[in-house]
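**Q** any chance you can model this:
(chains A and B)
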Amino acid sequence: DQQVKQNSPSLSVQEGRISILNCDYTNSMFDYFLWYKKYPAEGPTFLISISSIKDKNEDGRFTVFLNKSAKHLSLHIVPSQPGDSAVYFCAANTNAGKSTFGDGTTLTVKP
Amino acid sequence: NAGVMQNPRHLVRRRGQEARLRCSPMKGHSHVYWYRQLPEEGLKFMVYLQKENIIDESGMPKERFSAEFPKEGPSILRIQQVVRGDSAAYFCASSLSGTGGNTIYFGEGSWLTVV
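**A** Numbers count the residues shown, from 1 in each chain, chains lettered A, B, ... in the order given. Here you go, the predicted model:
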């Protein structure tokens, strides 16, 4: 039973346009959500997070939106840059501390 | 700079040997997590430890795998009698606290190849 799902294995966008990565979860006990970016042969790097008491958090080109009723969150990157090409993982926490990850979405930003 | 340090970065073992992966958390962090990424798959939780305690090992295979985080020294993930299916990237992460609203920070990973 996968509690965090990223249904799109890949996404391709043109440089300068918006990238929207989606994530769904099933466990209503999740109350903190994170996005990580991962390049090949490297560890995941923390990007941005959001608490369940908020519906939006913004950091530069990255914005995370949370829709609790739909159990859905998304990461918007605008404008997208070729250096953003990577695998993006969505993660969710309960109050137990550990993070549960989705399977990732590979983003390709074309110049 | 005290990021999460993992070693070795790459490890090759023959079937039946033991693999030991080490992880030093970020400075000031006392919570350590191990994740595994099999080829073409996502990050799967294995174990969560605090100093000298295993908090959650729900993702650990029942046999051959063990983890520890002693009072002094790094956390160790130990795989006994490795098989080809253990070939994967093993990522360690650490956090300042163990509460839900905390961010975990990853090391660069240890790539295990079983031949």
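
**Q** what is the burial count for residue A:22?
**A** 17 (other C-beta atoms under 10 Å in any protein chain shown). C-beta here means a position set from N, CA and C on the backbone, and glycine is covered the same way.

**Q** other SSEs contacting the worst-scoring helix or strand of chain A on mean pLDDT?
**A** Sorting the helices and strands of chain A by mean pLDDT, DSSP states H and E puts strand A:99-101 at the bottom, at a mean of 92. Helices and strands touching strand A:99-101, by 3 or more C-beta pairs under 8 Å, 6 or more residues apart in numbering or on different chains; DSSP states H and E, are strand A:86-93, strand B:43-50.

**Q** hmm, residue A:85 is touching residue A:105, no?
**A** No. With contact defined as C-beta atoms under 8 Å, residue A:85 does not reach residue A:105; the gap is 11.6 Å.

**Q** what about the helices in chain A?
**A** Using DSSP state H, chain A contains no helices.

**Q** what residues does it have near chain B?
**A** Within chain A, the positions near chain B by C-beta under 8 Å from any C-beta of the partner chain are A:31-32, A:34, A:36, A:41-46, A:49, A:51, A:89, A:93-104.

**Q** residue B:15: which element?
**A** For residue B:15, there is no helix or strand it lies in under DSSP states H and E.

**Q** contacting residues for it?
**A** B:82-84, B:114-115 (C-beta atoms under 8 Å, 6 or more residues apart in numbering or on different chains).

**Q** let's see which of the residues you listed end up in strands.
**A** The members of these that map onto strands under DSSP state E are residue B:114.

**Q** pLDDT value on the residue lying closest to residue B:11 once chain neighbours are set aside, please?
**A** Take residue B:11 and drop its neighbours on the chain: the residue closest to it by C-beta to C-beta, 6 or more residues apart in numbering or on different chains is residue B:112, 5.1 Å away. With respect to pLDDT, residue B:112 has a value of 97.

**Q** strand partners of the one helix or strand residue B:112 maps to, parallel vs antiparallel please.
**A** Under the criterion of DSSP H and E, residue B:112 resides in strand B:110-114. Strand B:110-114 has these partner strands in its sheet, going by DSSP bridges: strand B:10-13 (parallel), strand B:88-95 (antiparallel).

**Q** how distant is that strand from the center of its chain?
**A** Taking C-alpha atoms, centre = their mean, to the nearest Å, one finds the center of strand B:110-114 at 12 Å from the center of the full chain.

**Q** before we move on, what about stretch B:41-56?
**A** Worked out by C-alpha atoms, centre = their mean, stretch B:41-56 lies 7 Å from the chain centre.

**Q** got any ranges where chain B has weak pLDDT?
**A** Along chain B, the parts satisfying pLDDT under 70 run over B:1-2.

**Q** residues from it in reach of chain A?
**A** B:4, B:6, B:31, B:33, B:35, B:41-45, B:48, B:55-56, B:91, B:93, B:95, B:97-109, B:111.

**Q** got the buried residues for stretch B:59-67?
**A** B:59-60, B:65, B:67 (16 or more other C-beta atoms under 10 Å in any protein chain shown).

**Q** and these, which of them are in strands?
**A** Filtering those for strands - DSSP E - leaves B:65, B:67.

**Q** follow-up on the earlier one: want to throw the contacts of residue B:15 into TSV with neighbour count?
**A** Shown next, in TSV, are the contacts of residue B:15 (neighbours: other C-beta atoms under 10 Å in any protein chain shown):
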residue	neighbour count
B:82	21
B:83	12
B:84	9
B:114	19
B:115	10
